[in-house]
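Trainee: Pasting the sequence and the predicted model now:
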Amino acid sequence: MFCVQRKDRGPTRWPCRLMRRLKRDCSGASMVEFSLIAGLFLFLIFAVLDIALIYWANFELENATNDAARLIRTGQVQKDPPMGAATFKSQICAKTAILWDCSGKLQVNVEGFNTFADVAPVDPFDAAGELKQSFAFQPGGGEDIVLVTTFYEWQPFGFFPGLALSNMSNGNLLLRAALTFRNEPFETEN
């Protein structure tokens, strides 16, 4: 069926020998061993890929947040006319590639503080355990202390629900990046 017997000794001779040898081999030990290991092997491959994508997405979110926070630190966000939260969010999304539907799933919180001791992490969840849909956007003035926090709702591929890679009630994983800094001594234009 797969092999055509030819008189000459061309390059099609080895597939014929391989097919005949497989037909004669009745032990099947290799096939049984492979079938026992294949499931675990595929599970590990897909789990590693899923976790690698999560790390990549989180790395991208942190770098994009850092780049966009520089605009606040240098006073470019506060210039007249001041940049709004939606424009700041688009600055972050422009620096990402793997965060699918970035503009829809990304949430940004920007708050100013008097001292570094006053800085407290932001709770992104409401009373029902869902991600809040509105956050503060107060980039502050020159020499103010600012906390920029970004949240992205990542949907794991979920090849294997037993991995429990979610930290949200809907089964998604909330990625977050935070950056605290003191603004440069710029003058705000009024």
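Mentor: Done, it's in.

Trainee: Only C-alpha atoms from now on, for both contacts and neighbour counts.
Mentor: OK.

Trainee: and stretch 68-75, how far from the chain's centre?
Mentor: Counting by CA atoms, centre = their mean, to the nearest Å, stretch 68-75 is centred 23 Å from the centre of its parent chain.

Trainee: give me the element Gln76 is part of.
Mentor: Secondary structure assignment for Gln76, by DSSP states H and E: no helix or strand.

Trainee: List the residues that contact it.
Mentor: Residues counted as contacts of Gln76 (CA atoms under 8 Å, 6 or more residues apart in numbering): none.

Trainee: From Ser90, how far off is it?
Mentor: In this structure, Gln76 and Ser90 are separated by 15 Å, where distance is defined by CA to CA, to the nearest Å.

Trainee: Which other helices and strands does the longest helix seen in the chain contact?
Mentor: Ranked by number of residues, the top helix in the chain under DSSP state H is helix 29-73. Contacts of helix 29-73 with other secondary structure elements, assessed using 3 or more CA pairs under 8 Å, 6 or more residues apart in numbering; DSSP states H and E, are made with helix 85-93, strand 145-154, strand 173-182.

Trainee: quick one: which of the ones you listed is nearest Arg17?
Mentor: With CA to CA as the criterion, Arg17 lies closest to strand 145-154 of the helices and strands packed on helix 29-73, at 50.8 Å.

Trainee: Gly129: what secondary structure?
Mentor: Following DSSP: H, G, I helix; E, B strand; the rest coil, the label given to Gly129 is coil.

Trainee: Go ahead and confirm it touches Asn167.
Mentor: No - between Gly129 and Asn167 no contact is recorded; they are 10.2 Å apart, counting by CA atoms under 8 Å.

Trainee: and the residue nearest the centre of the chain, what does it touch?
Mentor: Per CA atoms, centre = their mean, the C-alpha nearest to the average position across the chain is that of Ala57, at 2.1 Å. Taking CA under 8 Å, 6+ apart as the criterion, Ala57 is in contact with Ile98, Leu99.

Trainee: how near is it to Leu165?
Mentor: Using CA to CA, Ala57 is found at 14 Å from Leu165.

Trainee: Next: Tyr55.
Mentor: Taking CA to CA as the measure, Tyr55 and Leu165 are separated by 12 Å.

Trainee: try Cys16
Mentor: With distances defined as CA to CA, the gap from Cys16 to Leu165 amounts to 48 Å.

Trainee: Looking at these two, which has the bigger crowd around it?
Mentor: For Cys16 against Leu165, the residue with the higher neighbour count under other CA atoms under 10 Å is Leu165, and the figures read 19 against 15.
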